[in-house]
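Engineer: Predicted structure and sequence below. I'll ask about it afterward.
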Amino acid sequence: MYFLEPAAGIAVVTVLLAAFSKILQRKMIDKEKMKAHQEEMKVIQKKWKELLKEADKNKKEIDELQTKMLSGQTQMMNSTMKMSFFTLPAFFVAMWLLAQWYGKQLIVSPIPVIQFTNWIPQGLTMTPGYYEAYFSYYIIATVVFLIVERIYDFVKKKRKNEASKVEMKNENAGEKKTESIEEKKN
């Protein structure tokens with residue numbers, strides 16, 4: 001039993017799951033904090049590489065930097081793991097539903113999708129199994145959501161910059177008015 005034509009049903013489930021994952025990612029992972037952390041890790045790694053050139057003299061500092069790098073990597077993995085606690089169960093439920101609804105049907109896809117043999121990609125096909133259609137649609141949906149997210153972030157940043165420019169102009173105009181009023185009083 002299924003509610004939609006197989007390719008459309010798989011596409012709907014895929015888009016919903018990809019949207020759910022992207023929303024969780026935006027809510028649970030602080031991009032600014034992650035960027036700052038990555039920059040800090042680059043600095044630490046650069047210093048660590050320099051210290052390795054004279055490893056005998058700098059053993060204690062190398063150990064301290066390694067500890068910092070490992071703790072930083074652990075923090076990053078923890079934030080990713082938190083998201084997995086929500087997305088993995090949703091993924092398993094989606095795969096189970098797709099297997100129940102479309103498991104024994106021939107699916108005619110409107111676009112070529114990746115064909116798998118023993119979970120190894122073998123090329124493209126227009127008649128995939130439900131899991132092939134799901135993974136191909138998921139890749140497409142993820143790329144589309146990534147593009148939309150980048151455009152959204154760009155527009156948001158542009159608006160923020162424009163608002164700050166307007167605010168600065170207003171402040172400057174206010175200061176000039178105050179100065180001209182003071183000059184008139186004198």
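Structural biologist: In hand now; what should we look at?

Engineer: how far does the helix or strand containing residue 168 sit from the chain's center?
Structural biologist: Secondary structure assigned from DSSP states H and E places residue 168 in helix 130-185. Shown here is helix 130-185, whose average C-alpha point lies 19 Å from the average C-alpha point of the whole chain (CA atoms, centre = their mean, to the nearest Å).

Engineer: Packing partners of it?
Structural biologist: The helices and strands touching helix 130-185, judged by 3 or more CB pairs under 8 Å, 6 or more residues apart in numbering; DSSP states H and E, are helix 6-28, helix 59-102, strand 113-117. (Glycine included, C-beta is placed from N, CA and C.)

Engineer: Export those as JSON lines, with columns for distance to residue 123, mean neighbour count and mean pLDDT.
Structural biologist: Rendered in JSON lines, the data for those read as follows (distance: least, CB to CB, whole Å; neighbours: other CB atoms under 10 Å; pLDDT from 0 to 100):
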{"stretch": "helix 6-28", "distance to residue 123": "19", "mean neighbour count": "17", "mean pLDDT": "88"}
{"stretch": "helix 59-102", "distance to residue 123": "21", "mean neighbour count": "13", "mean pLDDT": "85"}
{"stretch": "strand 113-117", "distance to residue 123": "5", "mean neighbour count": "16", "mean pLDDT": "81"}
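
Engineer: Let me know which of those is the nearest to residue 36.
Structural biologist: helix 59-102 (10.9 Å; CB to CB).

Engineer: for the closest one, packing partners?
Structural biologist: helix 6-28, helix 31-52, helix 130-185.
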